[in-house]
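# missing the sequence, but the structure's below:
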């Protein structure tokens with residue numbers, strides 16, 4: 001079949017011209033141009049989709065990183081606020097204001113303890129008041145914005161820094177460090193006795209470590225007792241200031257004598273398992289005017305505890 005055609009053009013002056021026209025060639029050229037157009041368009045669309053996908057992936061990754069950074073900032077801000085609260089506790093004079101503090105019981109496992117009386121399992125939490133303990137009131141709910149919290153924290157830390165310089169001598173006699181590094185197996189508050197299985201009030205914390213690990217005085221003070229007790233075993237009691245007394249029990253050896261003056265960080269004894277205990281650990285206790293208080297409230301840097 002012949003696909004060739006002739007296209008005749010007539011002019012106004014009577015002339016004419018014949019132009020050969022091949023339908024097959026026209027179709028081929030048209031199909032080729034259409035194919036090139038489609039492929040080019042598809043390539044452009046694919047490239048734009050790839051670019052859009054990359055931008056979307058980068059945007060998603062950026063949002064994820066921002067969320068992680070926000071959590072880190074929130075955690076650091078919370079840690080700074082907790083640290084500021086502890087510093088305020090030392091500097092605000094609340095150590096001697098025991099009447100305004102509330103009860104905050106805690107339940108934990110045990111390793112040993114001092115000479116606290118055992119209590120029946122059915123006795124109520126009200127008995128805490130009879131056992132002469134207190135702790136700080138619960139924290140108020142945070143409602144301020146992050147910017148406001150940062151500004152308040154900055155101003156408060158500046159005030160505390162100025163006050164700390166004036167109160168340095170008093171702070172020297174206030175417990176503020178951990179007496180020994182290790183694992184806390186029993187916290188301050190109510191617990192089940194490891195000896196009787198009944199509920200009783202644990203007035204301090206139990207910190208586990210190897211026998212012979214050095215135990216340090218947590219503040220400057222005077223040793224008022226360095227002897228062996230039935231429940232405490234080898235024990236040391238140190239008087240500090242404003243009615244504050246720290247107690248260290250179940251020691252393997254005592255490194256001070258009654259009447260000695262000690263400084264914060266002095267090695268006063270060594271971890272042991274003397275007295276009533278189920279294993280080697282230090283029983284550490286703080287009292288203010290004969291009222292027990294959670295020792296962890298006095299630890300500014302508690303990274304040594306696990």
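That came through, no problem. Only a predicted model underlies this, so the values are computations on that prediction, with no experimental measurement involved.
# so how far is residue 70 from residue 76?
Plainly put, residue 76 is 11 Å away from residue 70 if you go by C-beta to C-beta, to the nearest Å. To be clear about C-beta, it is placed using only N, CA and C from the backbone, and glycine gets the same treatment.
# Whichever strand or helix holds residue 292 pairs with which strands, parallel or anti?
Residue 292 is part of strand 291-293 when elements are defined by DSSP states H and E. Strand 291-293 has the following strand partners under DSSP bridges: strand 133-134 (parallel), strand 281-288 (antiparallel).
# what mean pLDDT does the first one have?
The predicted model assigns strand 133-134 a mean pLDDT of 56.
# Stretch 35-49 now?
The model assigns stretch 35-49 a mean pLDDT of 81.
# Comparing the strands paired with strand 291-293, which comes out most buried?
The highest mean neighbour count among the strands paired with strand 291-293, using mean count of other C-beta atoms under 10 Å, belongs to strand 281-288: a mean of 24.
# Helices of the stretch 151-300 of the chain, start to end?
In the stretch 151-300 of the chain, the helices defined using DSSP state H, counting those that start in this stretch lie at 168-172.
# Where does pLDDT dip in it?
161-166, 193, 195-197 (pLDDT under 70).
# in it, which spans are strands?
Secondary structure of the stretch 151-300 of the chain (DSSP state E, counting those that start in this stretch): strands located at 183-186, 189-192, 199-202, 204-208, 214-216, 221-229, 233-239, 244-254, 261-262, 267-271, 281-288, 291-293.
# Now do the shortest one: which elements does it pack against?
Using 3 or more C-beta pairs under 8 Å, 6 or more residues apart in numbering; DSSP states H and E as the contact criterion, the neighbours of strand 261-262 among helices and strands are strand 221-229.
# Show me the chain divided up by domain.
4-64, 92-298 (automatic domain parsing).
# Which helix runs longest in the protein?
helix 23-91 (DSSP state H).
# helices or strands next to that one in the packing?
For helix 23-91, the packing partners by 3+ C-beta pairs under 8 Å, 6+ apart are helix 146-166.
# and the angle from the helix it packs on to helix 23-91?
Relative orientation of helix 146-166 versus helix 23-91 (axes from the mean of the first three to the mean of the last three C-alpha atoms, to 10 degrees): 30 degrees.
# For the stretch 1-150 of the chain, give me the ranges with low pLDDT.
Residue ranges of the stretch 1-150 of the chain with pLDDT under 70: 1-24, 26, 83, 86-143.
# show me the contacts for residue 67.
For residue 67, no contacting residues are found, by C-beta atoms under 8 Å, 6 or more residues apart in numbering.
# again with the one 10 residues further on
With contact taken as C-beta under 8 Å, 6+ apart, residue 77 is in contact with 146, 149-150, 153.
# distance of it from residue 144?
The value you get for residue 77 to residue 144, if C-beta to C-beta is used, is 11 Å.
# residues near residue 245, how many?
By other C-beta atoms under 10 Å, the residues close to residue 245 number 18.
# Check residue 259 too.
Neighbour count of residue 259, defined by other C-beta under 10 Å: 9.
# I figured it was touching residue 222, is that so?
Yes - using C-beta atoms under 8 Å, residue 259 is in contact with residue 222, at 7.1 Å.
# Columns distance to residue 272 and neighbour count on top of the contacts of residue 77, output as CSV?
Formatted as CSV, the contacts of residue 77 follow (distance: C-beta to C-beta, whole Å; neighbours: other C-beta atoms under 10 Å):
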residue, distance to residue 272, neighbour count
146, 48, 12
149, 45, 17
150, 46, 15
153, 42, 15
